[in-house]
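*Asks:* Got a sequence here, can you build the structure:
(chains A and B)
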Amino acid sequence: MAEETKKEGDYDFAEAEARILDFWEKKKIYAFDQKSKKKIFSIDTPPPTVSGKMHLGHAFMYSQMDFIARFHRMIGENVFYPFGTDDNGLPTERLVEKMNNVKSKSMDRGDFIELCLKTLKKITPRFVQDWKDIGVSADYDLYYSTIDKHCQKISQKSFIDLFKQGRVYKKDFPSLWCPECQTSIAQAELEDKEFGSLFSTLKFSVAGKTLGIATTRPELLPACVAVFVNPKDKRYKEIIGKRAKVPLFDFEVPIIADSSANMEKGTGVLMVCSYGDKYDAEAIARCKLEPKIVMNKDGSVNYGEYGGMKIKEARKKIIEDLKAQDLIIEQKSITHAVNVHDKCGTEIEILPTEQWFIKILDLKKKLIEQGKKINWHPDFMFKRYENWVNGLEWDWNISRDRHFGVPIPAWTCEKCRKVIVANESELPVDPIMTKKKCSCGGDAIGESKVFDTWQTSSITPQIAAALVSGIKIPYSVRCNAHDIIRTWDFYTITKSFLHENKTPWENMMVSGFVTLGGEKMSKSKGNVVEPQKIMETSGADGLRFWAASSKLGEDLDYQEKEIVSGKKFVTKIWNATKFVSQSLSQENVSFQGPKNPIKKREGFCGNKKPKKLEETDRLFLASLNKVIDSATGSFSDYEYSRAKQETMNFFWHVFCDNYLEIVKRRVYSGTKEEKESASYMLYQSLLAILKMMAPITPYITEEIYQNYFKKFEKDNSIHISSWPEKIKISEKKDDGSVLDLLLSVLGEVRMAKSKAQKSMKAEIVLSLEKEKIEKLKLVLEDLKGVVSAREIKTGSFSVEFL
RNA sequence: GGGCUCAUAAGCUAGCGGUAAACUGACUCGUUUACACCGAGUAUUCCGAGGUUCAACUCCUCGUGGGCCCACCA
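*Replies:* Below you'll find the predicted structure:
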């Protein structure tokens, strides 16, 4: 690409965006007004997990939220848009471990927490700056971090409330366990991953006869506690009630008839191990079998000569040993999907550990009802929520065997096992640091586990509301991408239901993903595009303009070329403004590019209504009014992409390509009245266009507003100015058709000139049908001027060159 | 296997029950008093098959092909 040369007077977005951002911050343009009586528009966005940099998906989604936020601010609502970061729990621990090359599990708890806090302090400001840079109009003074005292307090209070409601229980129970992170996890943190595996049919024996059982996990043989066959399965009728001998380990387990055994799969015989999957856990509980735990928390096994080996190592060795003793009937390679931990990709195990749960399985119906009360944009996204709730199989596990998180404010009595929770007055509390006595006289031991980050990040509406007064639940709107419907949205809906018996939000905006060549961007695929890079080359406005090009909920393929149109828009509106300004400044001085654009400049004289409005101007204003109407409607319906398209179409093709060309004649050589009318039209349209684009491209619109409009307008910033209303003009019902005719004649003349390979300025004699001349009689002078016609004659359409 | 969703020009996306668009790209031409990061113009298009209808790209059904979520570890 050729190096672009900047000319004097060109818009320098890098310089301007930095300066304008600073202006917004200093003037607190986006501050929530606690004293105002205006209608509140409250916004809940998921606090991004602190990592090095904002990614493009964030930029995409937060831009979309911001379009709506800015629109509501301009229609006169008091926008409450706090900003938070999510910075505790496993994701943060993993980041800190990586950055500092340490392992949380092998560090002292206090030291590790200190390291986390120190690291966060270092990286958070840079991280948040990305949000500011793309122009997210949050009130950054209303800031929370999910590990700060304020959040800890509210999170702990939430836990205590739910405990008192009887919703919280602690249970020693086989649950999802990540051997890599060495913590229990929640169902929502499961992901699928395809693995290749060996599917082996092993020789069990029953009364000396061989019984084939297929498995992919022979390392669980010593954990086998029973063998299931289907009671309807004729093949195995004889053996029900007998005992089967486990190969290699030579112990016997009962053979039980259980209808859950699928006759089609494998040999139709199933070994139940403690624990291969959730099914095993249920089967063992149902049949009251005694589990044999063969796995350690770090993912190693604990039996015999294999003791200490990791799962996969043990599996390999056992297969070798089975082979050596001829205990394998058949073996084939398969690929199958396995549940892995979404944070680290490690295969999940099921281990009995003591964890804290919030009981939710009895609430499925009610939670779906809650979801239904929310207006989902687009509405089909509700289905995803509903599906997830319907598919729930586990209560919500909220405890994690980690260090860096909000402490669980609970103690368990050593003597009577009673659970004591903290008093509200002592929150936030770290139970490890505080001693408690049980009413029975025993010592109560403080809980050393911490909350999962969702326990806290699911109450961001409550957390942010507590920063100010006057904010009520439900909030007006929540925005996030569709991947976290099942987690963040689900948990937040659950919490608001349990605490307030309300939905957390009235509206739900669900944004799509950014893809590259149709694929989801991800670090592991190595196909990430950094928003910071885009901003360097095309500015935040360019990035946002692109983010507004697909509708809500739709994935959008990133293409570098597409950013270009945003950049072009910025240039175009800058240049159009230059023209307008230069043509209509009072002294009519020629335009000189501003070195420092925010400085006093010649302004318009067009904000005053002229004595007589030219017919052409009236027609164009009527057309503008239609755009104002539809853009307002589109923004109200969260259809920012449609609003953008409508506004752009008017700006580019109606205003620039046609009106500006038409009006040049009057600007350069018209009468005083003609100029005044044009001036009014130019001022009103340009301001309306700027305002309609302000939610999408906040920087350039602010820059132009400050330079050219500020001295005639009362508001400090375009972003707190009022949304455009229809221009008060008298409208007639065939205005549209007259304008259409004018533009189509103009188009036909241009085509004729183009075909004749003539300049657009070539002088002509235009012939036009009588009815058309009649219809255009009030705009004939403007038509004549714009097509450079010496005269317009009556006759069938023709263009004669002179 | 279940659910949701998408399928429109070379690419990326709008759109609508009345007969197709914007942007990028290609091609032709033009441009010096806003803009060569421009203007005018040309070419190319609604996945397939049925159905509803006076009329379907738009609604319905089926198929095909993507995407996402869930289930699937014997």
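*Asks:* need the contact list for the nearest residue to residue A:91 once chain neighbours are set aside.
*Replies:* With Cβ to Cβ, 6 or more residues apart in numbering as the measure, residue A:49 is the residue that lies nearest to residue A:91, at 4.8 Å, once sequence neighbours are left out. The way it works is simple: take the backbone N, C-alpha and C, and place the C-beta from them, glycine included. Residue A:49 is in contact with A:85-87, A:91-92, A:453, counting by Cβ atoms under 8 Å, 6 or more residues apart in numbering.
*Asks:* Check residue A:612 too.
*Replies:* Residue A:612 sits in contact with A:673, A:677, where contact means Cβ under 8 Å, 6+ apart.
*Asks:* what does the one 5 residues further on give?
*Replies:* Residues in contact with residue A:617, defined by Cβ under 8 Å, 6+ apart, are A:663, A:677-678, A:680-681.
*Asks:* just those residues now: which is nearest RNA strand B?
*Replies:* The closest of these to RNA strand B turns out to be residue A:663 (Cβ to the nearest atom of the strand; 9.6 Å).
*Asks:* Determine the three-state secondary structure at the closest one.
*Replies:* Under DSSP: H, G, I helix; E, B strand; the rest coil, residue A:663 falls in the helix class.
*Asks:* surely it meets residue A:682?
*Replies:* Yes: here residue A:663 lies in contact with residue A:682, judged by Cβ atoms under 8 Å, at a distance of 7.2 Å.
*Asks:* Give me the more crowded residue out of these two.
*Replies:* residue A:663 (30 against 26; other Cβ atoms under 10 Å).
*Asks:* If I look at the more buried one, what pLDDT would I see?
*Replies:* Note on residue A:663: pLDDT of 90.
*Asks:* Please identify the helix or strand for residue A:319.
*Replies:* Assigned by DSSP states H and E, residue A:319 falls within helix A:311-324.
*Asks:* After that helix, which helix or strand is next?
*Replies:* strand A:328-341.
*Asks:* so does that next one get close to RNA strand B?
*Replies:* Yes: counting by Cβ under 7 Å from any atom of the strand, RNA strand B has neighbours in strand A:328-341: A:336-339.
*Asks:* So which bits of that strand are buried?
*Replies:* Within strand A:328-341, the residues that count as buried by 16 or more other Cβ atoms under 10 Å are A:328, A:338-341.
*Asks:* cool, and stretch A:658-673?
*Replies:* Those buried within stretch A:658-673 under the rule 16+ other Cβ under 10 Å are A:658-667, A:670.
*Asks:* So which of the contacts of residue A:49 reach RNA strand B?
*Replies:* Filtered for proximity to RNA strand B (Cβ under 7 Å from any atom of the strand), these leave an empty set.
*Asks:* What parts of the stretch 301-450 of chain A come near RNA strand B?
*Replies:* Where the stretch 301-450 of chain A comes near RNA strand B, counting by Cβ under 7 Å from any atom of the strand, the residues are A:336-339, A:347-348, A:380, A:383-384, A:387-388, A:391, A:393.
*Asks:* How far off centre is stretch A:374-394?
*Replies:* How far stretch A:374-394 lies from its chain's middle: 16 Å, per Cα atoms, centre = their mean, to the nearest Å.
*Asks:* end to end, how far does that stretch reach?
*Replies:* Start and end residues of stretch A:374-394 are separated by 24 Å (Cα to Cα, to the nearest Å).
*Asks:* ok, now stretch A:340-347?
*Replies:* Stretch A:340-347 stretches 4 Å from its first residue to its last (Cα to Cα).
*Asks:* Extract the C-alpha trace of stretch A:678-691 and format it as CSV.
*Replies:* What follows is stretch A:678-691, C-alpha atoms only, in CSV (Å, rounded to 0.1, in the frame of the first residue of the first chain):
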residue,chain,number,x,y,z
ALA,A,678,-28.9,27.0,1.4
SER,A,679,-27.1,27.9,4.6
TYR,A,680,-30.0,26.9,6.7
MET,A,681,-30.4,23.6,4.9
LEU,A,682,-26.7,22.9,5.1
TYR,A,683,-26.5,23.6,8.8
GLN,A,684,-29.6,21.7,9.8
SER,A,685,-28.8,18.6,7.7
LEU,A,686,-25.1,18.4,8.6
LEU,A,687,-25.9,18.7,12.3
ALA,A,688,-28.6,16.1,12.1
ILE,A,689,-26.3,13.7,10.2
LEU,A,690,-23.6,14.3,12.7
LYS,A,691,-25.9,13.6,15.6
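*Asks:* Please give the centre-to-centre distance between that stretch and its chain.
*Replies:* That offset, for stretch A:678-691, works out to 35 Å (Cα atoms, centre = their mean).
*Asks:* any weak-confidence spans in the stretch 401-550 of chain A?
*Replies:* A:518, A:522-525 (pLDDT under 70).
*Asks:* what separates the biggest strand by length in chain A from the chain centre, distance-wise?
*Replies:* Using DSSP state E to define each element, chain A has its longest strand at strand A:190-206. Centroid separation for strand A:190-206 versus its chain: 37 Å, with Cα atoms, centre = their mean.
*Asks:* Alpha carbons of that strand, in PDB - could you do that?
*Replies:* The C-alpha coordinates for strand A:190-206 follow below in PDB (Å, rounded to 0.1, in the frame of the first residue of the first chain):
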ATOM      1  CA  LEU A 190     -17.100 -27.900  30.400                       C
ATOM      2  CA  GLU A 191     -16.100 -27.900  26.800                       C
ATOM      3  CA  ASP A 192     -16.000 -30.600  24.200                       C
ATOM      4  CA  LYS A 193     -12.800 -31.700  22.600                       C
ATOM      5  CA  GLU A 194     -12.200 -34.500  20.200                       C
ATOM      6  CA  PHE A 195      -9.600 -37.100  21.200                       C
ATOM      7  CA  GLY A 196      -8.300 -40.200  19.600                       C
ATOM      8  CA  SER A 197      -8.700 -43.200  21.900                       C
ATOM      9  CA  LEU A 198      -8.300 -47.000  22.000                       C
ATOM     10  CA  PHE A 199     -11.600 -48.800  22.400                       C
ATOM     11  CA  SER A 200     -10.700 -52.100  24.000                       C
ATOM     12  CA  THR A 201     -12.900 -55.100  24.700                       C
ATOM     13  CA  LEU A 202     -11.500 -56.700  27.800                       C
ATOM     14  CA  LYS A 203     -11.900 -60.200  29.100                       C
ATOM     15  CA  PHE A 204     -13.800 -60.300  32.400                       C
ATOM     16  CA  SER A 205     -14.800 -63.700  33.500                       C
ATOM     17  CA  VAL A 206     -17.900 -65.200  35.000                       C
END
